[in-house]
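[1] Output the structure for:
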Amino acid sequence: MRRTTGLAVAGAAALVWGEWVNWRWSRVRVGSSGGTSEAVVVLGYRNARPTANFINRWRVRAGLRSVAADGARETLVIFSGGATGGYAAEALLMADYAKSVLGFDGTVLLEDRSATTWENITNVIPLLEDVDRIKIVSQPAHALKARAYLRRQRPDLAERLVRASDYRPGEWMLGKPLLALYGLWSLRRLTAEERAGRVGPPE
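    Alright, predicted model coming up:
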């Protein structure tokens, strides 16, 4: 009985920890830039099939729910990712899913050469020059890494970063402890200053 109770407590603690860590990452290195135009950058994931896989489909949905969520009238959705999985570019597969399955008819741009997160940021920078706000969409740890890379490459553009809608309480709840562990590993090369930063209030 004690062992069962202990496992239940440990499991609940892991879920709470995973939820909190992902919540926090989603709010680091973002501000409250104003303006009427925005870009939503959706980062691709390795896609070893001819259609968007589960993770890329989720990222597309998170990207589309980030569109004009805070009042922007002009939004570009930029899908970023090359053909790292051996089929078509991740950007193309995500755009096709957004249009043909989800019925998205907004403005879409493709960045289809990147093979790494650093390249994602390098290659989308020319598409971000004229927007007032920038949202980067992925799993929270990955999006934080991308925001840190934007700050390294173009600190002036990083000042335009605002929150995307890629975190929701309870979404991926059972997987969030694993995502948190993987996130800690993937963020290990960022400086402590890059992993910290502004954290907004809970919603």
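
[2] Can you give me the end-to-end span of stretch 89-103?
    End-to-end span of stretch 89-103 (CA to CA, to the nearest Å): 20 Å.

[3] List the buried residues in that stretch.
    89-95, 97-98 (16 or more other CB atoms under 10 Å). The C-beta positions use only the backbone N, C-alpha and C, and glycine is treated the same way.

[4] Tell me which of these fall in helices.
    90-95 (DSSP state H).

[5] mind listing the helices for the chain?
    2-25, 54-65, 90-96, 117-128, 140-153, 155-158, 176-186, 192-195.

[6] most tightly surrounded among those helices?
    By mean neighbour count, with neighbours taken as mean count of other CB atoms under 10 Å, helix 90-96 ranks first of these at a mean of 24.

[7] Grab the nearest non-local neighbour of A95.
    Distance criterion CB to CB, 6 or more residues apart in numbering; nearest residue to A95, sequence neighbours excluded, is F79 at 4.9 Å.

[8] Quickly note the distance from that neighbour to R189.
    Look at F79 and R189: by CB to CB, to the nearest Å, they are 25 Å apart.

[9] Of the two, give the one with the bigger neighbour count.
    F79 (31 against 9; other CB atoms under 10 Å).

[10] residues touching the more buried one, list them.
    42, 44, 60, 63, 90-92, 94-95, 98, 108-111 (CB atoms under 8 Å, 6 or more residues apart in numbering).

[11] make it 6 Å
    If you count contacts by CB atoms under 6 Å, 6 or more residues apart in numbering, F79 has them with 42, 91, 94-95, 110.

[12] quick check, nearest of those residues to E193?
    V42 (26.5 Å; CB to CB).

[13] Report the beta-bridge partners for the closest one.
    Bridge pairing for V42 (DSSP bridges) gives the partners F79, V137.

[14] who's in contact with R46?
    Per CB under 6 Å, 6+ apart, neighbours of R46: 84-85.

[15] what are the phi and psi angles of it?
    phi -50, psi 130 (degrees, to the nearest 10).

[16] Skipping adjacent residues, who's closest to L93 in space?
    A52 (4.4 Å).

[17] so the one you found sits right up against A95, yeah?
    No: the criterion here is CB atoms under 6 Å, and A52 misses it with A95 at 9.2 Å.

[18] before we move on, the earlier item: next, format the helices of the chain as JSON lines and append mean pLDDT.
    What follows is the helices of the chain, written out as JSON lines (pLDDT from 0 to 100):
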{"stretch": "helix 2-25", "mean pLDDT": "77"}
{"stretch": "helix 54-65", "mean pLDDT": "96"}
{"stretch": "helix 90-96", "mean pLDDT": "97"}
{"stretch": "helix 117-128", "mean pLDDT": "98"}
{"stretch": "helix 140-153", "mean pLDDT": "96"}
{"stretch": "helix 155-158", "mean pLDDT": "96"}
{"stretch": "helix 176-186", "mean pLDDT": "86"}
{"stretch": "helix 192-195", "mean pLDDT": "82"}
